[in-house]
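K.L.:
predicted model, plus sequence, below.
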Amino acid sequence: MTVGPGAVIGPNVRIAAETWIGPCAVIARNTTIGARTRIFQFASVGEDSQDLKYRGEPSRLEIGDECRIREFASIHRGTEGGGMLTKLGNRVLVMNYAHVAHNCRVGDNVILTNGSQLGGHCIVEEFAAIEGMAGVHQFCRVGAHAFVAAGAKVAQDVPPYVMVAGAERARLVSINEIGLQRRGFSPEAINALKGAVRTIFYSKLLREDALKKVLDEQGGFPEVRRLVDFIANSERGVVGRERE
């Protein structure tokens with residue numbers, strides 16, 4: 001472990017081997033940081049939640065292995081109302097000025113680009129990318145391999161494998177085809193996801209009927225089943241397509 005000049009390491013902080021804490025970074029308290037993680041200068045990690053209901057309870061922050069927390073990023077600990085824990089998985093990249101609020105759960109290999117913001121209690125699944133200045137409303141979920149475009153305003157759940165965009169209100173654009181290709185998804189799985197999205201979002205079927213049709217026709221693909229399960233279990237509703 002290496003700690004740069006002027007860095008502040010508070011009480012109840014555990015830092016694993018080969019992790020680097022840059023100059024003037026702050027690891028406030030009650031934080032566990034995995035191996036080979038790099039926290040750059042002026043980042044604020046493990047600070048008290050900004051939630052007005054927070055009353056000083058000894059909540060925690062967990063950061064996994066091989067993460068990158070860049071300059072001026074902020075990651076806050078959990079609160080009693082959200083299980084007392086904020087958690088980042090492995091190989092998460094949090095770029096400059098990005099913010100992860102209390103009780104968020106961020107999966108492996110997620111990218112939070114410069115200035116992106118996660119409200120409290122958000123769930124971001126593995127390999128999702130949230131681009132610059134995008135904002136995700138509290139309690140929203142962003143599905144695996146989803147892509148949230150720069151400046152998007154996300155107020156509902158973003159299904160896995162899709163792209164959304166929109167500064168006024170994020171709307172469905174398409175499948176995240178390039179991202180899926182880069183991660184080795186088969187052409188057959190990608191085509192099945194395209195068909196599922198067409199049926200769910202562009203047909204005139206009721207949502208429940210559309211989900212059933214997709215499972216009947218393309219349920220042999222685990223990616224399609226995951227998409228359907230995500231939509232069926234959404235509590236906030238999912239981002240839809242732009243209506244003409």
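P.N.:
Sure thing, it's come through.
K.L.:
now do the buried residues in the helix or strand where Q181 lies.
P.N.:
Under the criterion of DSSP states H and E, Q181 resides in helix 177-182. Under the neighbour-count criterion of 16 or more other Cβ atoms under 10 Å, helix 177-182 has 177, 179-180 buried. C-beta here means a position set from N, CA and C on the backbone, and glycine is covered the same way.
K.L.:
what is the distance between it and the centre of its chain?
P.N.:
Relative to the chain's own centre, helix 177-182 is displaced by 18 Å; criterion: Cα atoms, centre = their mean, to the nearest Å.
K.L.:
tell me how this structure divides into domains.
P.N.:
For the chain, automatic domain parsing gives the domain ranges 2-179, 180-232.
K.L.:
start and end of the last one, how far apart?
P.N.:
It refers to domain 180-232. 22 Å (Cα to Cα, to the nearest Å).
K.L.:
so for that domain, mean pLDDT?
P.N.:
For domain 180-232, mean pLDDT is 97.
K.L.:
and V45, which helix or strand is it part of?
P.N.:
strand 44-47.
K.L.:
for that strand, name the packing helices and strands.
P.N.:
If you count contacts as 3 or more Cβ pairs under 8 Å, 6 or more residues apart in numbering; DSSP states H and E, strand 44-47 packs onto strand 26-27, strand 31-33, strand 60-63, strand 74-76.
K.L.:
nearest to P187, of those?
P.N.:
strand 60-63 (35.9 Å; Cβ to Cβ).
K.L.:
now the buried residues of helix 177-182 as CSV including distance to C67?
P.N.:
Formatted as CSV, these follow (distance: Cβ to Cβ, whole Å):
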residue, distance to C67
E177, 27
G179, 20
L180, 23
